[in-house]
Each structure stands twice: as structure tokens, then as C-alpha cells.
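*Asks:* Prediction below, plus the sequence it came from.
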Amino acid sequence: MKAQNDTASGLAYLRHHMREYGMLMSLVAIMAFFQVMTDGTLMQPLNITNLILQNSYIIIMALGMLMVIVAGHIDLSVGSVCGFVGAVAAVLMVNLEMHYVPATLICLVLGGVIGAAQGWFVAYVKIPSFIVTLAGMLIFKGLALAVLGGQSVGPFPPTFQLLSSGFLPDPLQGESLRLLSVLLGVLAGVALLVSKWRARRVAQAHHMAVEPGLLFWLKNLVFAAVLVALVTLMSTYKGIPNVLMVMAVLIVAYEFVTTRTTVGRRVYALGGNEKAARLSGIRTDRLTFGTFVNMGVLAAVAGLIFAARLNTATPKAGQGFELDVIAACFIGGASASGGVGRVYGAVIGAFIMGVMNNGMSILGIGIDYQQVIKGLVLLAAVFVDVYNRNKR
């Protein structure tokens, strides 16, 4: 009888959270589809590593874009800012031969200043974010072209290239397996289970609604197992890329900020109802300003990673990135009206876009049809969001 009740409660919970679980199931289904269609090429260790490297900058910018969208705004300039910062980095490190550490710090500060400038217009002058960041997209695209003089600049110093092309060293000296990477993957899986279990215990202690036990353990055990399996596969090639460590730290940090801090809760309140948030004492202007500064810094991080991966800065770098970043957030469950969205959802959305790009490229599908398919997927994701809101 208890088992039947658990099953019934699990199905009821799934029905009410279909959007949340649907993303994860969609990612699994898409990966399975391309794994079959590419005759197993998708899940090859080399291809998985390339998948991480190709989507690292999209995932990093998606974390910042999620905060902007949850706050009820949009940022169309992230691709251009990413390219502009990469151009500045190339001038500093290649043309001026500046050491990569101070050059990197200058680029991060530059990203924050750009975000602050755009955030000021949105938060305090009250110009719609769509207009401000559309202008920013044109401005920084032009500035990147001017800074580079219309030419590509490179190569970068070898130590800087390691940011995107380097891998975690293996002091354990595995022959065919990077043992340190495997160990870190197992530790990450265990840490995930422990953190989710502790969060569940805290929620139960405060008499909050939680997932049924069976569904909770099934979901998190599968997620942890997939994480360990993917890291193990990468360990048979070169191990964990340096950029994956950067991504992991940022994902954990933003998950903590959005779920466990006052600032995170206030961002959701701002996007849910700005007037109510202001009346409750939240400094909505300052909060909006902060989300754009944060977005600018993450766009700078992504620009440095992308430049390090290409080993050169080009005038066209970052072109179209904003579309993939925004699509990742909406596919991952963020609401176009603000106030809704989760970090892990944005990450899953980015991987859905990445797997689709990678799989279609392996299959030889042209870029024209790739754009059509991605557009349809984005439209379907927003349609589901609007449909669910209208049902409530």
C-alpha cells in the first residue's frame, strides 16, 4: 500500500513539475537520438571533451543571462562584449606583450565597467534593456573591429592558452585512465547527493513541500551516475579540461547565490513583481544595476576563454553568441516575463543547444537547417512556458 501511495504521489508531483523534469528528459532523449544516428560518435571521449570546450563560454554567459532574465530584463550585447574583450586581451598580450595575469584582470574589470554602463541606463535612466543592449551590441561589435584594425591578432602566450586548451594534470600516473579526474568525478557525484539530501532535510524541517522520496533518490542517483560516467569517459582521453573546473566553480557559486542567499531571493522577487518588491523595501534599481555588472564580468570571462580556445582574436568573434545564450536560458525553463528560472535549468538548456549543434554537425546537416531547427526548439520552449502560465 505504501509503495502504491509513493508511486501515486510521485506521478502527481511529476505532473505538476513536468516543465522541470521535461528539460532533463529532453536532454537524455536528444543525446540518445544523436548517439544512435552518429553510430556512437557523440559519446566518444574526444567528442565529449570537444562538447565541453565548445559550449563552455555559452554556459558561463548563460549563468549571467539567467540573472538578467529572472530580474525581468534581457541583454543582447553579450556576444559583442565577449568579442570586444577578446580583442582587448589580444592587443594587451600580443601587441603590447603584457603578462597574461594583469591583462586578464584588466579585461575582467572592463567587462564589469561595460555591464555597469548598460545597467545604469536600464536601472536609473529607465531605458528598456532591449534598446540599451541592442545599442551595446552594435557599439562593441564596432569597437572590436576598430581595436583589431579589421585583422585577426594572435597567437596568445602558451600559458594563457591553457585556460581553454589545458587539462588537469594527473599526479597519480594512470596509464590509460586519468585517475585524479576519475576521483574528482566520484567526489563531485557524492557531493551532489549529500548537498541535495541536506537541502531536502532542511526543507522538511521547515515543513516545506519536497519531492517524494522515491523520485528524489531516483533523479539524483541517476544524475550523479551520469556525471561520474561522463567524467570517466573524458578520463580515458586527457582528463578534465581546465575550463570545466572554471565552469563547475561558477555553477556551484551561482546555484548557491540563487537558492541560499538574500540577494538571490530578491532578484526573483524583482522579476516576479517589481512594484511589490520596491514597496517591500528592496532597492530594485541597485539590484538591476548589479545583474548587468555581473553579466558584463561573465561575458568578459567567456571572451577570454573563447579567445584562448581560438588562440587568436578576430573581428567576428562572439557573433550570434547572444542568441545561443538567451535560447539556453529559455529552453532551460526561464520565463520570458521574469521571476522564474534555475541555474541547473540554464546549464541543461545550454547542453541541449550544444548537443544539437554537435550532433547536427556530425551528421552533416547544413548551418541553414541547423538555425531553423534551433529556432523551432526555442519557440517550442517559450510556447510551453506561456501555455503553462495561462493554465494557472
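*Replies:* Noted; the coordinates are in hand.
*Asks:* got any ranges where the protein has weak pLDDT?
*Replies:* 1-22, 173-175, 384-392 (pLDDT under 70).
*Asks:* residues making contact with the strand or helix carrying Tyr254?
*Replies:* In the assignment (DSSP states H and E), Tyr254 maps to helix 242-260. Helix 242-260 is touched from outside by 52-53, 56, 59-60, 63, 66-67, 70, 162-164, 166-168, 188, 199, 263-264, 267-268, 298, 301, 305, 342-344, 347, with contacts defined as CB atoms under 8 Å, 6 or more residues apart in numbering. Any C-beta I mention is one placed from the backbone N, CA and C, and that applies to glycine too.
*Asks:* Please produce a ChimeraX select command covering the buried subset of those residues.
*Replies:* Buried subset of the contacts of helix 242-260, written as a ChimeraX selection, criterion 16 or more other CB atoms under 10 Å:
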select :52,53,56,59,60,63,66,67,70,162,163,164,166,167,168,188,264,267,268,298,301,305,342,343,344,347
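*Asks:* Among the contacts of helix 242-260, which lie within helices?
*Replies:* 52-53, 56, 59-60, 63, 66-67, 70, 162-164, 188, 199, 263-264, 267-268, 298, 301, 305, 343-344, 347 (DSSP state H).
*Asks:* how much space between the residue sitting nearest the centre point of the chain and Val243?
*Replies:* By CA atoms, centre = their mean, the mean C-alpha position of the chain lies nearest to Ile59, the distance being 2.5 Å. According to CB to CB, to the nearest Å, Ile59 stands 10 Å off from Val243.
*Asks:* Quick one: residues contacting Pro45.
*Replies:* Leu233, Met234, Ser235, Thr236, Tyr237.
*Asks:* Recalculate using a threshold of 6 Å.
*Replies:* Counting by CB atoms under 6 Å, 6 or more residues apart in numbering, Pro45 touches Leu233, Met234, Thr236, Tyr237.
*Asks:* Can you tell me the closest non-neighbouring residue to it?
*Replies:* Distances taken as CB to CB, 6 or more residues apart in numbering place Tyr237 nearest to Pro45, at 3.8 Å, with adjacent residues excluded.
*Asks:* And for the one you found, the neighbour number?
*Replies:* Neighbours of Tyr237 under the rule other CB atoms under 10 Å: 18.
*Asks:* mind listing what's buried in the helix holding Tyr254?
*Replies:* Quick answer for helix 242-260 (16+ other CB under 10 Å): Asn242, Val243, Leu244, Val246, Met247, Leu250, Ile251, Tyr254, Glu255, Val257, Thr258.
*Asks:* roughly how far is that helix from the heart of the chain?
*Replies:* 10 Å (CA atoms, centre = their mean, to the nearest Å).
*Asks:* Begin at 34 from now on, thanks
*Replies:* Noted, 34 is the first residue going forward, which turns the last one into helix 275-293.
*Asks:* For it, list the C-alpha coordinates in CSV.
*Replies:* C-alpha atoms of helix 275-293 as CSV (Å, rounded to 0.1, in the frame of the first residue of the first chain):
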residue,chain,number,x,y,z
ASN,A,275,40.7,23.3,-17.1
VAL,A,276,37.7,25.2,-18.4
LEU,A,277,35.4,22.6,-16.9
MET,A,278,36.8,23.3,-13.5
VAL,A,279,36.1,27.0,-14.0
MET,A,280,32.5,26.2,-15.1
ALA,A,281,32.0,23.9,-12.2
VAL,A,282,33.0,26.5,-9.7
LEU,A,283,30.8,29.1,-11.3
ILE,A,284,27.8,26.8,-11.5
VAL,A,285,28.1,25.8,-7.8
ALA,A,286,28.6,29.5,-6.8
TYR,A,287,25.5,30.7,-8.8
GLU,A,288,23.4,27.8,-7.6
PHE,A,289,24.3,28.9,-4.0
VAL,A,290,23.6,32.6,-4.7
THR,A,291,20.2,32.0,-6.3
THR,A,292,18.9,29.4,-3.8
ARG,A,293,20.6,30.2,-0.5
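*Asks:* what about Ile107, which SS state?
*Replies:* coil (DSSP: H, G, I helix; E, B strand; the rest coil).
*Asks:* what residues are up against it?
*Replies:* So Ile107 contacts Ser162, Phe163 (CB under 6 Å, 6+ apart).
*Asks:* rerun that using 8 Å as the cut-off
*Replies:* Ile107 neighbours (CB under 8 Å, 6+ apart): Val101, Ser162, Phe163, Thr166, Ile359.
*Asks:* Just the buried ones from those?
*Replies:* Buried among the contacts of Ile107 by 16+ other CB under 10 Å: Val101, Ser162, Thr166, Ile359.
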